[in-house]
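Asker: Here is my input; please provide its structure:
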Amino acid sequence: MNNIIQEPYFTDKDIDQRWKEVAVISREELEDGLSKACLLNLKRLLETTMDIEVQELAGARRWEHNSGRRNWRNGTYSRSLWTAFGWINSLNVPRVRNGGTDLKIIKRYERRSSKINKLILEMFLQGVSTRKVKEVLKPLYQEEMISATTVSHISKELDIEVEKFHRKTISDNYEYIFLDGIYLKARSPIKSMKRCILVAYGIKEDGTRELIDFRLARNGESQIAWECFLTSLYNRGLKGENLVLVVMDGNRGSYNAVDLIWPNVKKQRCWAHKLRNVSNKLPKKLQKPCINEARNIYNAANKHEAIKAYKKWEKVWGPIAPKAVECLEKDLEDLLYFYECPKVLWKKLRTTNLIERVFREVRRRTRPMSCFTNTQSVERIIFAVFNRQNNIWRKPFKKITQNSEKSQKHIGQF
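Answerer: So this is what the prediction gives:
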């Protein structure tokens with residue numbers, strides 16, 4: 001009788017029994033075994049590839065006597081390499097007698113594969129600090145294979161990307177631009193000092209948000225600093241032909257610079273900054289009631305009602321706190337320009353809160369760093385935060401119109 005060999009099969013009834021017949025090993029043991037096998041085979045592959053490269057350099061196979069050979073082997077030396085699969089120890093790298101061995105598969109003095117460097121850079125761009133990168137990588141590779149200094153050194157590769165970011169062409173399809181500055185500490189040749197970073201944040205016609213650019217300013221938020229920054233944006237394509245509104249705080253330097261670069265664009269003053277200024281003109285016991293009543297101005301149903309709300313507020317507080325009323329009155333026109341924009345945008349355009357939220361992320365990233373070693377490290381961190389935000393905001397919102405119900409839903413995500 002012929003023996004019939006049945007093919008193995010699995011059903012719900014016998015699956016438990018089948019598993020009992022399999023040798024039980026833990027998941028950790030399985031992963032560890034696979035990792036070691038991958039590393040061993042990767043080591044063999046690298047050594048074989050390098051051996052072939054040296055064979056081509058020499059013009060002859062190992063032990064072959066060939067009158068046409070161009071070089072001679074000169075043994076090997078041992079080195080280590082950090083790969084995506086783990087750390088390879090005692091990697092045998094061949095040498096040649098005449099000249100250095102510049103291999104394609106492994107660059108000279110390279111201690112990490114390009115994938116590892118890309119992984120570290122991506123972690124840095126995603127917000128992981130240089131000191132915490134090694135803590136994140138340790139569970140994956142079971143060793144502290146990298147230091148904060150090395151991560152900082154790798155992050156210097158971003159300098160090229162930072163330079164590209166500062167030089168890229170800017171499209172002239174922004175409807176709203178927010179301008180503000182943030183201060184961070186960085187070392188100078190003799191002491192640490194606060195450095196001002198000027199920032200431009202834009203909303204395009206299709207609803208796409210973008211951090212357009214930033215600049216470290218030597219003169220703080222002076223008019224000269226803002227003029228240099230905005231002139232750079234203008235020369236790179238941001239002519240302002242589609243600009244409806246520029247939102248800014250009460251800094252006179254930025255106000256005058258916008259007047260010079262985009263003279264026909266209306267300038268919206270930030271209500272949050274203005275009410276802070278008004279509060280400083282009041283005794284402490286009057287600050288809360290006065291500011292609460294002033295908020296009725298920007299919460300009005302339209303511009304006409306806002307002016308009526310101001311007159312009512314001025315009538316009450318004029319005799320009590322004339323300096324506070326004068327502080328608001330002198331900039332009232334610039335404070336009400338947001339009413340001329342679509343209603344769904346009023347809440348977003350009356351303050352610089354949109355750009356302040358980005359600054360909160362910058363402060364979160366820089367809080368562990370009491371002081372930057374130099375201005376280049378400041379630029380890298382700012383670029384990393386901005387690049388991450390721009391990637392998050394890459395998907396544009398639908399066109400925002402005054403009568404669009406969907407717009408009201410989307411605008412809440414700004």
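
Asker: Tell me where the stretch 101-250 of the chain is predicted with low confidence.
Answerer: Residue ranges of the stretch 101-250 of the chain with pLDDT under 70: 101-114, 124-131, 134-148, 150-153, 187-192.

Asker: Please enumerate the strands of it.
Answerer: Taking DSSP state E, counting those that start in this stretch, the strands of the stretch 101-250 of the chain run over residues 174-187, 192-204, 209-217, 245-248.

Asker: Mean neighbour count added to the ones you listed, as CSV?
Answerer: For glycine as for every other residue, the C-beta is placed from the backbone atoms N, C-alpha and C. Output for the strands of the stretch 101-250 of the chain, formatted as CSV (neighbours: other Cβ atoms under 10 Å):
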stretch, mean neighbour count
strand 174-187, 21
strand 192-204, 19
strand 209-217, 21
strand 245-248, 24
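
Asker: could the ones you listed be laid out in TSV, adding distance to Cys341?
Answerer: Shown next, in TSV, are the strands of the stretch 101-250 of the chain (distance: least, Cβ to Cβ, whole Å):
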stretch	distance to Cys341
strand 174-187	8
strand 192-204	11
strand 209-217	16
strand 245-248	6
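
Asker: if we compare these, which one ends up closest to Pro94?
Answerer: strand 174-187 (45.2 Å; Cβ to Cβ).

Asker: and the angle from that closest one to strand 192-204?
Answerer: Using axes from the mean of the first three to the mean of the last three Cα atoms, to 10 degrees, the inter-axis angle of strand 174-187 relative to strand 192-204 is 170 degrees.

Asker: what's the neighbour count on Arg167?
Answerer: Arg167 has 10 neighbouring residues, counting by other Cβ atoms under 10 Å.

Asker: What residues does it make contact with?
Answerer: Arg236 (Cβ atoms under 8 Å, 6 or more residues apart in numbering).

Asker: what do you get for the one 3 residues further on?
Answerer: If a contact means Cβ under 8 Å, 6+ apart, then Ile170 has Ile212, Asp213, Leu233, Arg236, Gly237, Leu238 as its contacts.

Asker: ok, now with 10 Å
Answerer: For Ile170, the contact set (Cβ atoms under 10 Å, 6 or more residues apart in numbering) comprises 200, 202, 210, 212-213, 232-239.

Asker: how about it, phi and psi?
Answerer: phi -110, psi 130 (degrees, to the nearest 10).

Asker: Please report how far the closest residue to Cys228 other than its chain neighbours lies from Leu121.
Answerer: Spatial nearest neighbour of Cys228, excluding adjacent residues (Cβ to Cβ, 6 or more residues apart in numbering): Arg215 at 7.4 Å. Taking Cβ to Cβ, to the nearest Å as the measure, Arg215 falls 23 Å from Leu121.

Asker: same question, Tyr183
Answerer: Using Cβ to Cβ, we find Tyr183 at a distance of 27 Å from Leu121.

Asker: how about the helices in the stretch 201-350 of the chain?
Answerer: For the stretch 201-350 of the chain, the helices defined by DSSP state H, counting those that start in this stretch cover 223-235, 252-261, 271-280, 284-298, 303-317, 322-329, 332-335, 346-349.

Asker: Make sure I have this right: Pro94 is in a strand.
Answerer: Yes - assignment of Pro94 by DSSP: H, G, I helix; E, B strand; the rest coil places it within a strand.

Asker: Which strand or helix spans the nearest residue to it once chain neighbours are set aside?
Answerer: Leaving out its chain neighbours, the residue that sits closest to Pro94 by Cβ to Cβ, 6+ apart is Val54, at 4.4 Å. In this assignment (DSSP states H and E), Val54 forms part of helix 27-58.

Asker: per-residue confidence averaged over that helix?
Answerer: Mean pLDDT, computed over helix 27-58, is 69.

Asker: Touching, Leu260 and Glu227? I think so.
Answerer: Yes - if you go by Cβ atoms under 10 Å, Leu260 and Glu227 touch, sitting 6.2 Å apart.

Asker: Tell me the one of the contacts of Ile170 nearest Arg252?
Answerer: Nearest to Arg252 among those, with distances taken as Cβ to Cβ, is Ala200, at 17.8 Å.

Asker: Enumerate every residue touching the closest residue to that closest one other than its chain neighbours.
Answerer: Once flanking residues are discounted, Ala200 sits nearest to Ile212: 4.3 Å by Cβ to Cβ, 6+ apart. The contact partners of Ile212, by Cβ under 10 Å, 6+ apart, come to 165, 168, 170-171, 174, 177-179, 199-202, 233, 236, 238, 386, 390.

Asker: And Ser78, by the same measure?
Answerer: Asn89, Ser90, Leu91, Asn92, Val93.

Asker: Doesn't it lie inside a helix?
Answerer: No - under three-state DSSP, Ser78 sits outside any helix and is assigned strand.

Asker: what about the residue nearest to Cys228, distance to Ala324?
Answerer: Taking Cβ to Cβ as the measure, Arg215 falls 35 Å from Ala324.

Asker: do Val378 as well
Answerer: In terms of Cβ to Cβ, Val378 sits 37 Å off from Ala324.

Asker: okay, these two: which has more neighbours?
Answerer: Ala324 (24 against 20).

Asker: That one against Ile291, yeah?
Answerer: Yes - assessed by Cβ under 10 Å, Ala324 is found in contact with Ile291 at 9.2 Å.
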